[in-house]
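Visitor: this one's structure only:
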């Protein structure tokens, strides 16, 4: 069961973030293929993506008790719908994770056979990692562990999807420390969408000269260049700047450029 649950998708400050951000996930993931319209190998599994990259179904907001909304996405350059606080937490993780290049919400219908019956499943997300690998992700609350059908489905898709060039994992945001959730929300909300290559180079040059530096000190040094938290937070989400993810992100947080970590 532990192979299905990613308890934390962020590391402590480390030298090789690509190997530590998703250690359990990356150890099992297969080289992926980019989504096509239909992937069909016999009757065991069918994958059908939308033609224009939009969600294959609309956000379900019929229940007055369901929290729905849209998250502006810097990584995708659009807005992404969510159907629950659990999904919103998951999207914030994807936005802040340096190993995630892009993602798509409700990307495909997956037809599969389980216990002799055909079923259809729409995963919450497909994520493209920076190394080109493709991962279907389902966000669930802790009650998922008590649902034998959902657990069986997850096990089945985890075993069968790698043969089609994809991996499948269930993420339980409830198991993530509150500090991680707060850091991800802070980074996602305040990171700028775009900045120039010159801005990035100015930040790199200063941080390379300083080594490890606090956020406040770095902002003070960069203020004559009119560089704000927004640019620094965007570089954290891209993996250029590394932080200690298990500590609250404050003005006293220590930052370091990736080559020096």
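Guide: It's in. Bear in mind that the values here come from a model prediction, so they are computed numbers and not experimental data.
Visitor: alpha carbons only for contacts and neighbour counts from here, please
Guide: Noted.
Visitor: what average pLDDT does stretch 220-234 get?
Guide: In this model, stretch 220-234 has a mean pLDDT of 96.
Visitor: distance from that stretch to the middle of the chain?
Guide: Relative to its chain's centre, stretch 220-234 lies at 25 Å (Cα atoms, centre = their mean, to the nearest Å).
Visitor: stretch 215-229 now?
Guide: The answer for stretch 215-229 is 28 Å, by Cα atoms, centre = their mean.
Visitor: give me the contact list for that stretch.
Guide: By Cα atoms under 8 Å, 6 or more residues apart in numbering, the list of residues contacting stretch 215-229 from outside reads 190, 191, 199, 203, 207, 250, 251, 252, 253, 254, 255.
Visitor: any chance of the residues you listed in a markdown table, with pLDDT, neighbour count and secondary structure too?
Guide: Output for these, formatted as a markdown table (pLDDT from 0 to 100; neighbours: other Cα atoms under 10 Å; DSSP: H, G, I helix; E, B strand; the rest coil):
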| residue | pLDDT | neighbour count | secondary structure |
| --- | --- | --- | --- |
| 190 | 95 | 15 | helix |
| 191 | 95 | 21 | coil |
| 199 | 96 | 15 | helix |
| 203 | 97 | 22 | helix |
| 207 | 97 | 19 | helix |
| 250 | 96 | 12 | coil |
| 251 | 96 | 13 | coil |
| 252 | 97 | 12 | coil |
| 253 | 96 | 17 | coil |
| 254 | 96 | 20 | strand |
| 255 | 97 | 21 | strand |
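Visitor: in the helix or strand hosting residue 80, what counts as buried?
Guide: Assigned by DSSP states H and E, residue 80 falls within strand 78-82. For strand 78-82, burial by neighbour count (16 or more other Cα atoms under 10 Å) applies to 80, 81, 82.
Visitor: for the first one, report the pLDDT, please.
Guide: On the pLDDT scale, residue 80 is placed at 90.
Visitor: my read: it touches residue 71, true?
Guide: Yes: counting by Cα atoms under 8 Å, residue 80 does reach residue 71; the two are 5.1 Å apart.
Visitor: all the strands of the stretch 101-250 of the chain, residue numbers only.
Guide: 108-114, 117-121, 125-129, 134-139, 167-171, 213-214, 241-242 (DSSP state E, counting those that start in this stretch).
Visitor: do you know which of the ones you listed lies nearest residue 44?
Guide: strand 108-114 (5.8 Å; Cα to Cα).
Visitor: what's that closest one in contact with?
Guide: 43-50, 55-56, 118-123, 153, 156.
Visitor: let's see that with 6 Å instead.
Guide: For strand 108-114, contacts defined as Cα atoms under 6 Å, 6 or more residues apart in numbering pick out 44, 45, 46, 47, 48, 49, 56, 118, 119, 120, 121, 122.
Visitor: just the buried ones from these?
Guide: Using 16+ other Cα under 10 Å, the buried members of the contacts of strand 108-114 are 45, 46, 47, 48, 49, 56, 122.
Visitor: quick one, helices of this structure?
Guide: 17-20, 23-28, 85-96, 148-160, 178-190, 197-210, 215-222, 229-238 (DSSP state H).
Visitor: and of those helices, who's closest to residue 246?
Guide: Among those, the nearest to residue 246 by Cα to Cα is helix 178-190 (6.3 Å).
Visitor: that closest one: how far from the chain's middle?
Guide: That offset, for helix 178-190, works out to 13 Å (Cα atoms, centre = their mean).
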